[in-house]
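> sharing a model prediction with you, sequence too.
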Amino acid sequence: MDKYNSEKISSEEMGVLDNNSEWLGIPKSHLMECAGYSFASEVVNRFDLDNFSKVIIFCGTGNNGGDGFVVARHLNSYGIKSIVVLVGEPENIRSNEALLNWNIINNSLDRFIETKVFKDSATIGEIAILLEDDKNIKLIVDGLLGTGIKGGIREPIATAIEFINEVHMHFNIPVASIDVPSGLDPNTGVVTDKAVKADLVITFHRNKKSLYPKTEYIQELIVKSIGVPLEAKLFVGRGDLMPTLKVRKKDNYKGQFGRLFVIGGSKYYSGAPAYSSLTGIHFGCDLVITHTPEIIGDVLRSYSPNMIIRTSPGKWLNLDAERDILKIMDWANTIIIGPGMGTEKETEELLVKILTEWKNINKNLVIDADGLKLVKDHLELIRSKSVILTPHQGEFKIMTGVDLPNYFAIEERGKVIQEVAKKLSVTLLVKGPYDFISDGKTLKINRTGCPEMAIGGTGDVLAGLCGCFLTTGNNAFQSACSAAFLNGYIGEYCKENIGPRFTALDMIQNINNCITNLNNY
């Protein structure tokens, strides 16, 4: 267990794990229950609390406060009385889990738990008088702010923090903080305004990136498990997706929310680049331009009036397209290259020219399908962390010469993919019954999807989704994880709502329905 407790994570990563645990079937209320129990059992032993002891618990209106409500319940089970001070209005409690526990302690457990709502300085005065008169108060618990702190401290939280610190100094009552001292940024260790000075910090699951003991704000730090499973880190879940679904700002104008450029198609394949482009359009990218051989240009235009098609002469893309493609590349945020483009020698020559130029510009890149076959002899051109490659097992073998272990041999297959990703310095999204994603540092596995997706076009939708997440401001690894998860989820949704015989176009047309479902999960 020490090995895992030594790992440090950011508050954002912890949020992903919480949501992924819920996706795996573990309610957030269970995690809150485990956090409250772990904290209560530790402080009872650490501070020698007994039936004559009292504890004051300061709680905010977020989940950190919810943990504090659970702490009060578990102290009650030990026969220890507590005074829970809610700093904020009960109607502003932000999560169902926290509200549930507030209602329990406020409405039903009044023998051992006294609740107070701190609206103004008068409430603080009452607590100050209590401290003067009651010598049984043995501990102050800080559950005001958790890991999601941003900016300055607002009232009445600011006054509560100052009060806790004064009590600590003048009455010599120890202070224990839940997860992080309120006011301290766990990602940076910075206190921009004010923060609780804690004797003990009990943080949950893993230590946070910038929490260190023996500082002004943390005298001692321990890590407690709350039941987050290892699967929440290994398998892609809703928690990975939600932070990557960016929203437009009020002052956005056309073009600021993603400019996607799809390069592909040939005399034999018109659908592939269309699917990738339509994915970008239905996802909500501001502008999508597709460059394809002239022979299929009008076919692509017929798919949708939203399609912006540029063409160059010929049945396959060749060096005649170079000038126009390079110009559009300069305009785009993200480039998808490969869907349906064929493997002609003249197309390979164009690909080399494009990648050589791409090395000199700061653009995201997704290489899919035929592009993977053409790039196999030019891998030195794509060494960049802003690249996603999306091969299936056969394309992976063509591109690298490496045979992959079976998909259910997770450790063996994952190790090979991670090593190749590290060697190439790219993000690999290896498609299959399970999708394996690695940037050479981290490995994640996606399990959404269904066998009915083994049809033409679903890989082009996946490439399009990779481009969508990249072009709306996510890094390559995040984008590949979210694209794989959403693509598989859309397939499952279509199977359930359309039936087992759906198409890639059905998937594209249900992108918004699926995102809405996941937002409301």
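That came through fine. What you see is a predicted model, and the numbers here were worked out from it, not measured in a lab.

> only C-alpha atoms for contact and neighbour calcs from this point on.
Will do.

> so for stretch 75-83, first residue to last residue, what's the gap.
11 Å (C-alpha to C-alpha, to the nearest Å).

> and that stretch, how far out from the chain middle?
37 Å (C-alpha atoms, centre = their mean, to the nearest Å).

> list the buried ones in it?
Neighbour-count burial for stretch 75-83 flags L75, N76, G79, I80, K81, S82, I83 (criterion: 16 or more other C-alpha atoms under 10 Å).

> need the helices for the stretch 251-400 of the chain, in chain order.
271-283, 297-301, 322-331, 345-358, 370-374, 393-400 (DSSP state H, counting those that start in this stretch).

> can I get those helices in JSON lines including mean pLDDT, mean neighbour count and distance to P181?
JSON lines is the format used below for those (pLDDT from 0 to 100; neighbours: other C-alpha atoms under 10 Å; distance: least, C-alpha to C-alpha, whole Å):
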{"stretch": "helix 271-283", "mean pLDDT": "97", "mean neighbour count": "26", "distance to P181": "40"}
{"stretch": "helix 297-301", "mean pLDDT": "96", "mean neighbour count": "17", "distance to P181": "57"}
{"stretch": "helix 322-331", "mean pLDDT": "96", "mean neighbour count": "16", "distance to P181": "46"}
{"stretch": "helix 345-358", "mean pLDDT": "96", "mean neighbour count": "17", "distance to P181": "46"}
{"stretch": "helix 370-374", "mean pLDDT": "97", "mean neighbour count": "24", "distance to P181": "49"}
{"stretch": "helix 393-400", "mean pLDDT": "96", "mean neighbour count": "18", "distance to P181": "48"}
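
> the residue minimising distance to the centre of the chain sits in which helix or strand?
Centroid-nearest residue in the chain: D240, 3.4 Å away (criterion: C-alpha atoms, centre = their mean). Per DSSP states H and E: D240 is located in helix 238-241.

> pLDDT below threshold where in the stretch 101-250 of the chain?
Where the stretch 101-250 of the chain drops to pLDDT under 70, the residues are 121.

> the residue lying closest to F469 once chain neighbours are set aside: what secondary structure?
With sequence-adjacent residues excluded and distances taken as C-alpha to C-alpha, 6 or more residues apart in numbering, F469 is closest to S479, at 5.0 Å. Look at S479: counting by DSSP: H, G, I helix; E, B strand; the rest coil, its state is helix.

> next, the contact list for S479, please.
S479 makes contacts with T244, C466, G467, F469, L470, as judged by C-alpha atoms under 8 Å, 6 or more residues apart in numbering.

> quick one: R383 from V375, how far?
With C-alpha to C-alpha as the criterion, R383 and V375 are 12 Å apart.

> helices or strands up against the helix holding D240?
Secondary structure elements in contact with helix 238-241, counted by 3 or more C-alpha pairs under 8 Å, 6 or more residues apart in numbering; DSSP states H and E, are helix 11-23, helix 476-497.

> now the farthest one out in this protein, which residue is it?
The chain, farthest from centre, C-alpha atoms, centre = their mean: D133 at 48.3 Å.

> got the buried residues for the one helix or strand I129 maps to?
Assigned by DSSP H and E, I129 belongs to helix 121-133. For helix 121-133, burial by neighbour count (16+ other C-alpha under 10 Å) applies to I124, I127, L131.

> out of these, which is nearest to G456?
The shortest approach to G456 among the buried residues of helix 121-133 belongs to I124, at 66.3 Å (C-alpha to C-alpha).

> enumerate every residue touching that closest one.
So I124 contacts F118, A160, F163 (C-alpha under 8 Å, 6+ apart).

> so which of those residues are in strands?
With DSSP state E as the criterion, strands contain F118 from among the contacts of I124.

> now the contacts of I124 as a markdown table including distance to Y269 and neighbour count?
Converted to a markdown table, these look like this (distance: C-alpha to C-alpha, whole Å; neighbours: other C-alpha atoms under 10 Å):
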| residue | distance to Y269 | neighbour count |
| --- | --- | --- |
| F118 | 67 | 21 |
| A160 | 66 | 23 |
| F163 | 70 | 17 |
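
> quick one: T442 from G456, how far?
Noted for T442: a distance of 30 Å to G456, by C-alpha to C-alpha.

> what's the answer for D320, then?
In terms of C-alpha to C-alpha, D320 sits 29 Å off from G456.

> what about the two, which has more around it?
Between D320 and G456, counting by other C-alpha atoms under 10 Å, D320 is the more crowded of the two (15 against 12).

> run a quick neighbour tally on the nearest residue to that one once chain neighbours are set aside.
In this structure, D320 finds its nearest non-sequential neighbour in S312, 6.5 Å apart by C-alpha to C-alpha, 6+ apart. S312: 21 surrounding residues under other C-alpha under 10 Å.

> quick one: pLDDT of S312?
In this model, S312 is scored at 96, pLDDT.

> who's in contact with it?
By C-alpha under 8 Å, 6+ apart, the neighbours of S312 are H291, T292, P293, E294, D320, A321.

> nearest to N103, out of the helices of the stretch 251-400 of the chain?
In terms of C-alpha to C-alpha, the element of the helices of the stretch 251-400 of the chain nearest to N103 is helix 271-283, at 40.5 Å.

> quick check: buried residues in stretch 411-422?
R413, G414, K415, I417, Q418, V420, A421, K422.

> for C466, what are its contacts?
Contacts of C466 (C-alpha under 8 Å, 6+ apart): V366, I388, S479, A480, S482, A483.

> thinking again about what came up before, for the helix holding I129, list the C-alpha coordinates in PDB.
Extracted in PDB, the C-alpha atoms of helix 121-133 (Å, rounded to 0.1, in the frame of the first residue of the first chain):
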ATOM      1  CA  SER A 121     -20.300  37.200  12.700                       C
ATOM      2  CA  ALA A 122     -23.000  36.700  15.400                       C
ATOM      3  CA  THR A 123     -22.700  32.900  14.900                       C
ATOM      4  CA  ILE A 124     -18.900  33.100  15.300                       C
ATOM      5  CA  GLY A 125     -19.400  35.000  18.500                       C
ATOM      6  CA  GLU A 126     -21.600  32.200  19.900                       C
ATOM      7  CA  ILE A 127     -18.900  29.600  19.100                       C
ATOM      8  CA  ALA A 128     -16.200  31.900  20.800                       C
ATOM      9  CA  ILE A 129     -18.300  32.000  24.000                       C
ATOM     10  CA  LEU A 130     -18.700  28.200  23.800                       C
ATOM     11  CA  LEU A 131     -15.000  27.800  23.600                       C
ATOM     12  CA  GLU A 132     -14.500  29.900  26.700                       C
ATOM     13  CA  ASP A 133     -17.100  28.000  28.700                       C
END
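
> now that helix, how far from the chain's geometric center?
On C-alpha atoms, centre = their mean, the centre of helix 121-133 falls 42 Å from the chain's centre.

> ok, now which ones touch the residue lying closest to T356 once chain neighbours are set aside?
The shortest distance from T356 to any residue other than its chain neighbours is 6.5 Å, reached at L381 (C-alpha to C-alpha, 6+ apart). Counting by C-alpha under 8 Å, 6+ apart, L381 touches L355, T356, K359.

> for L381, give me the pLDDT.
For L381, the predicted pLDDT is 95.

> also the one 10 residues further on?
If you check P391, the pLDDT there is 98.

> roughly how far does the nearest residue to it once chain neighbours are set aside sit from T244?
Once flanking residues are discounted, P391 sits nearest to V430: 5.2 Å by C-alpha to C-alpha, 6+ apart. Applying C-alpha to C-alpha, the value for V430 to T244 is 20 Å.

> the more surrounded of the two?
V430 (25 against 19).

> buried sites along stretch 487-499?
Those would be N487, G488, Y489, I490, G491, E492, Y493, C494, K495, for stretch 487-499 by 16+ other C-alpha under 10 Å.

> what's the closest of the residues you listed to S41?
Y489 (40.3 Å).

> hang on, the closest one packs against N446?
No - in terms of C-alpha atoms under 8 Å, Y489 does not count as a neighbour of N446; the distance is 10.2 Å.
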